[in-house]
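Q: Return atomic coordinates for the entry below.
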Amino acid sequence: MAASGRLPPLAVYGTLLDAEVRRLVLGRCRTRAATLNGWERLYVAGQTYPGVREQAGAATDVLVLEGLGPQALARGDAFEGPEYERRGVRVDFVDGSEGEAMLYVPTAGVRLSDRRWRYDWAWRARYRTAFLAMTRAAIGGSPR
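A: Model prediction:
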């Protein structure tokens with residue numbers, strides 16, 4: 001928890017960039033565009049979704065989600081599963097300010113490929129429909 005007793009925001013970089021996936025998993029929240037400097041986003045080996053790892057000189061665009069409560073974060077933890085753990089990181093917002101956020105980072109047993117992952121039209125055209133169906137089935141309905 002943050003010093004004020006409020007939960008720190010959550011930075012997302014993968015499938016939770018998709019507004020519908022994000023709403024299904026976490027509910028509604030405020031978003032701010034930011035950059036995660038010193039991190040690269042790659043496909044998890046054999047999967048259609050990404051993980052991140054620290055890499056000097058790299059930068060990854062993220063959305064910082066503000067106003068999430070404990071239940072939303074519990075749903076996020078369940079969605080990410082045992083392959084990811086939350087870790088505190090520094091983010092640089094597009095308005096020039098800096099902040100702290102939590103980030104889902106792959107655990108030690110997760111192998112990343114060397115192929116960069118992008119949330120772009122090609123990923124959405126190829127994987128989005130199936131990923132949404134899988135997400136809906138996994139959560140059994142949508143949060144508030």
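Q: okay, CA-based contacts and neighbour counts for the rest of this
A: Fine.
Q: Strands of this structure, start to end?
A: Under the criterion DSSP state E, the chain contains strands at 10-12, 30-44, 50-66, 84-93, 98-106, 112-116.
Q: Which of the ones you listed has the highest mean neighbour count?
A: Mean neighbour count (mean count of other C-alpha atoms under 10 Å) peaks for strand 10-12 among these, with a mean of 25.
Q: what packs against it?
A: Judged by 3 or more C-alpha pairs under 8 Å, 6 or more residues apart in numbering; DSSP states H and E, strand 10-12 is in contact with strand 50-66, strand 98-106.
Q: now what about it, what contacts it?
A: 62-66, 68, 101-104 (C-alpha atoms under 8 Å, 6 or more residues apart in numbering).
Q: try stretch 114-130
A: 14-15, 17, 40-43, 48-50.
Q: Could you single out the nearest of those to residue 28?
A: Each of the contacts of stretch 114-130 was checked against residue 28 using C-alpha to C-alpha; the closest is residue 17, at 12.9 Å.
Q: list the contacts for the nearest residue to that closest one once chain neighbours are set aside?
A: Spatial nearest neighbour of residue 17, chain neighbours left out: residue 63 (6.8 Å); criterion: C-alpha to C-alpha, 6 or more residues apart in numbering. If a contact means C-alpha under 8 Å, 6+ apart, then residue 63 has 11-13, 17, 31-34 as its contacts.
Q: possible to save the residues you listed as TSV with pLDDT?
A: Formatted as TSV, the contacts of residue 63 follow (pLDDT from 0 to 100):
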residue	pLDDT
11	98
12	98
13	97
17	96
31	97
32	97
33	98
34	98
